[in-house]
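Here is my input; please provide its structure:
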Amino acid sequence: MWTHEATLRDMRTVGLRELKNNLSEVIRQVRAGEDVQVTDRGEVVAEIRQPSPPGAQPHPHPGLAALARRGLLILGAPNDDPSIYSLSGPRLPEGTAAGILEEDRADRLP
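Sure thing, here's the model as predicted:
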């Protein structure tokens, strides 16, 4: 599975002292949708972010969920109903792909 979380999540980092001195400003930023990492001596010890709605399940794509929290995208409804998409059968007769490959490779064979 591809994880784009590292490229999608630009998290601000604040030290404990900065957090203590600027707590109101940090909370305003979180309220605006930004996630903040809190560090103690350079080690991340906590993350501050907006709470999930009551009863919400963890999102399977945390990077997309982070963008939605920041208001940069709107998540679509889940497609859990298998009747939404009908399965289509093969569109070409069996063996067609092999024939096309043989034909394409014929000019490269000795």
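
Restricting to C-alpha, output stretch 47-59 in PDB.
The C-alpha atoms that make up stretch 47-59 are tabulated as PDB, following Å, rounded to 0.1, in the frame of the first residue of the first chain:
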ATOM      1  CA  GLU A  47       0.100  15.800  18.800                       C
ATOM      2  CA  ILE A  48      -2.700  18.300  19.100                       C
ATOM      3  CA  ARG A  49      -5.400  18.200  16.500                       C
ATOM      4  CA  GLN A  50      -9.200  18.800  16.200                       C
ATOM      5  CA  PRO A  51     -11.200  16.000  17.700                       C
ATOM      6  CA  SER A  52     -13.000  13.400  15.600                       C
ATOM      7  CA  PRO A  53     -16.800  13.400  15.600                       C
ATOM      8  CA  PRO A  54     -18.300  11.200  18.300                       C
ATOM      9  CA  GLY A  55     -18.400   7.500  17.200                       C
ATOM     10  CA  ALA A  56     -16.200   8.200  14.100                       C
ATOM     11  CA  GLN A  57     -14.100   5.200  12.900                       C
ATOM     12  CA  PRO A  58     -10.400   5.800  12.100                       C
ATOM     13  CA  HIS A  59     -10.000   6.800   8.400                       C
END
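
quick one: buried residues of the helix or strand G63 falls within?
Of the helices and strands defined by DSSP states H and E, G63 is found in helix 62-69. Neighbour counts using 16 or more other Cβ atoms under 10 Å place G63, L64, A65, A66, L67, R69 of helix 62-69 among the buried residues. To be clear about C-beta, it is placed using only N, CA and C from the backbone, and glycine gets the same treatment.

so how far is H61 from the fifth one?
Put plainly, it is L67. Separation of L67 from H61 (Cβ to Cβ, to the nearest Å): 9 Å.

show me where the protein has helices.
All helices of the chain, identified by DSSP state H, fall at 5-8, 16-21, 23-31, 62-69, 96-105.

middle-most residue in this structure, spatially?
With distances taken as Cα atoms, centre = their mean, the residue of the chain nearest its centroid is G63 (2.9 Å).

and the gap between that one and Q37?
15 Å.

do the same with D80
Per Cβ to Cβ, D80 is found 33 Å from Q37.
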